[in-house]
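Asker: prediction below, plus the sequence it came from.
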Amino acid sequence: MGFRKDFLWGGAIAACQAEGAYDVDGKSLTFPDIIKHISPEERKTFSQAIVTEETIKQGKEGPVSDYPKRWGIDFYHTYKEDIKLFAEMGFKVFRFSISLARIFPTLDEKDPNEKALLYYDDVINECLKYHIEPLVTIAHFDPPILIWEKYGGWSNRHMIDVFVKYATCLFRRYKDKVKYWVTFNEINMMTKAPFKTVAMIAGEGKEYEDKRWTAVHNQFVASAKSVFEAKKINPNFVIGCMIADITTYPYSSDPDDVLANFKKDHMLNLAFLDVMVKGYYPYYFKNYLKVHGIDVKMQAEDADVIAKGVVDFVGASYYMSIVTADDPNGKAITGGNMTGGLRNEKIKTVTDWGWQIDPVGLRIAVNELYDRYEKPIFILENGIGAIEELENGTVHDTYRIEYLKSHLKELKKAADDGCDIIGYTWWGPIDLVSSGTSEMSKRYGFIYVDQDDDGNGTKKRYPKDSFYWYKELIATNGENL
Ligand code: BG6
């Protein structure tokens, strides 16, 4: 069987990690704009929940040179050259995000910022020129700081209106140009990094928890309303949701570990999809809120909106897996995509950042999601960050090819298992600033960007060995895996 004939092969990036141009054409300041570069030493104690009022204050006053996402890889100005390279690899799809801070910089403008829209018009037209499907993520980890300062984060229902206005503006503008959309990137990461998802700074206690879960509820409603509005504008739009899928296994066959793992999978991964794909809060989600004494401010009409605005496909990123034990005390831990977990002794290889490399976990994840929802699955991110240096104009990234090959073999097996998988977008096809630690030296690309953590370098682009491997893979639709 293998991959569908119309399989969407491509790559994914996010505005806040690639565009740079942080204050150009009217853009307002976002949370990623105020996250400093985290050095390997600092990484050991760094928490994703670290943003405080002080971080914001420092960010506003501090020198631009402290904040790598402000310059990204200058994609705002290099998109033509970069998309040309994606086309050379044969991309069928290119996933990128649009920045709310560019389109409605103060959130409450009546009309969108035309200059910013013209930029995105150009990016989309450039994709279409090469017959690449643009896949737009409407919100990818870059909430304007004003969401916090004006409204105290997404717990304020006003954000539903702001988002629907913004999404609808994009749906109308790109009605005939963009078919594939994702409303929120990795919506489940509100549990780990609320500043980049629901625009809330660090906090604790009941009031904070009530707000955090109300915030994600408001995102469920905003997504559902947007899907509903989108279909009125173009019934052929294909709209998805997305989680960071952290596949988790029981630590042992002890029934208590199996049960703990079952519950972990629910609240780490599945709860968010259940609401957006099935259209209602499942029993265990309602129970979790009740048991933890969390009051989510819902309105009477929300259930109906969530039921009506379900998505067309299930999107997930997949980087790694963890194990879960009933009693985690004293057990070895592993690093990870925003969230680590317990170390799996059966997994021998980890990335330079300690993320466990587990290709079979991808097959398991896809089967689990397809089994549960029976809707098309889109792997929206998968990739490996590594420390690399340019050697005679290229990088011999055999480990990246190995990572890619092993994961795609498992994805193909998932297709052979009967799962309907519509696409795969590698994270990130070109080196960019890392989300978690604002490092440029954590490189994911098939294309090397000559720039260091401080923004020094020529910014020239160089294809790595993996560039040619992926090109061949796309040309043969993965048949030779
Ligand atoms: C995902 C995000 O969580 O992981 C991306 O959607 C991010 O934005 C990717 O870049 C990898 O994480 P990091 O921290 O290595 O950039």
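Answerer: All right, it came through fine.

Asker: how deep is the residue of the stretch 301-450 of the chain at minimum distance from the ligand tucked in, by neighbour count?
Answerer: Residue nearest to the ligand within the stretch 301-450 of the chain: residue 436 (3.0 Å; CB to the nearest ligand atom). Placement of C-beta: from N, CA and C, glycine included. As a burial measure, residue 436 scores 20 neighbours (other CB atoms under 10 Å).

Asker: can you tell if the worst-scoring helix or strand of the chain on mean pLDDT touches the ligand?
Answerer: One helix or strand of the chain scores below all others by mean pLDDT, DSSP states H and E: helix 40-43, with a mean of 76. No: using CB under 6 Å from any ligand atom, helix 40-43 stays clear of the ligand, with a minimum separation of 10.5 Å.

Asker: after that helix, next one along is what?
Answerer: helix 53-61 (DSSP states H and E).

Asker: tell me the pLDDT of residue 353.
Answerer: At residue 353, the model reports a pLDDT of 88.

Asker: quick check, it in contact with residue 443.
Answerer: No: using CB atoms under 8 Å as the test, residue 353 is too far from residue 443 to be in contact (11.3 Å).

Asker: okay, the two: which has more neighbours?
Answerer: The neighbour count for residue 353 versus residue 443, taken as other CB under 10 Å, is higher for residue 443 (26 against 21).

Asker: need the contact list for residue 173.
Answerer: By CB atoms under 8 Å, 6 or more residues apart in numbering, the residues touching residue 173 are 117, 121.

Asker: how far away is it from the ligand?
Answerer: Here residue 173 is placed at a distance of 24 Å from the ligand (CB to the nearest ligand atom, to the nearest Å).

Asker: so which bits of the chain are right by the ligand?
Answerer: 14, 17, 141, 185-186, 244, 317, 337, 381, 385, 427, 434-436, 442.

Asker: what's the nearest residue to the most centrally placed residue in the chain if we skip its chain neighbours?
Answerer: Nearest to the geometric centre of the chain sits residue 185, at 4.1 Å (CA atoms, centre = their mean). Residue nearest to residue 185 in three dimensions, not counting chain neighbours: residue 140, with 4.0 Å by CB to CB, 6 or more residues apart in numbering.

Asker: so how many other residues sit close to the one you found?
Answerer: 27.

Asker: and the pLDDT for it?
Answerer: For residue 140, the model assigns a pLDDT of 98.

Asker: contacts only, for it.
Answerer: Contacts of residue 140 by CB under 8 Å, 6+ apart are 14, 15, 16, 97, 185.

Asker: buried members of these into ChimeraX, please.
Answerer: Buried residues among those (16 or more other CB atoms under 10 Å), as a ChimeraX selection:
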select :14,15,16,97,185
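
Asker: and the contacts of residue 140 as JSON lines, adding secondary structure and pLDDT?
Answerer: Listed next are the contacts of residue 140 as JSON lines, based on DSSP: H, G, I helix; E, B strand; the rest coil; pLDDT from 0 to 100:
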{"residue": "14", "secondary structure": "coil", "pLDDT": "98"}
{"residue": "15", "secondary structure": "helix", "pLDDT": "98"}
{"residue": "16", "secondary structure": "helix", "pLDDT": "98"}
{"residue": "97", "secondary structure": "strand", "pLDDT": "98"}
{"residue": "185", "secondary structure": "coil", "pLDDT": "98"}
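
Asker: can you tell me which of the contacts of residue 140 is closest to residue 119?
Answerer: residue 15 (10.3 Å; CB to CB).

Asker: my read is that that closest one contacts residue 103, right?
Answerer: No: Residue 15 sits out of contact with residue 103 when judged by CB under 8 Å, with a separation of 10.6 Å.

Asker: who's in contact with residue 191?
Answerer: Residue 191 neighbours (CB under 8 Å, 6+ apart): 267, 268, 339.

Asker: out of these, who has the most neighbours?
Answerer: Going by other CB under 10 Å, residue 268 tops the contacts of residue 191 with 22 neighbours.

Asker: model confidence for the residue lying farthest from the centre of the chain, exactly?
Answerer: The centre of the chain is farthest from one residue, residue 254, which by CA atoms, centre = their mean lies 33.7 Å away. With respect to pLDDT, residue 254 scores 98.

Asker: tell me the secondary structure at the closest residue to it other than its chain neighbours.
Answerer: Excluding the flanking residues, the one nearest residue 254 by CB to CB, 6+ apart is residue 326, at 7.1 Å. At residue 326 the chain is in coil, as set by DSSP: H, G, I helix; E, B strand; the rest coil.
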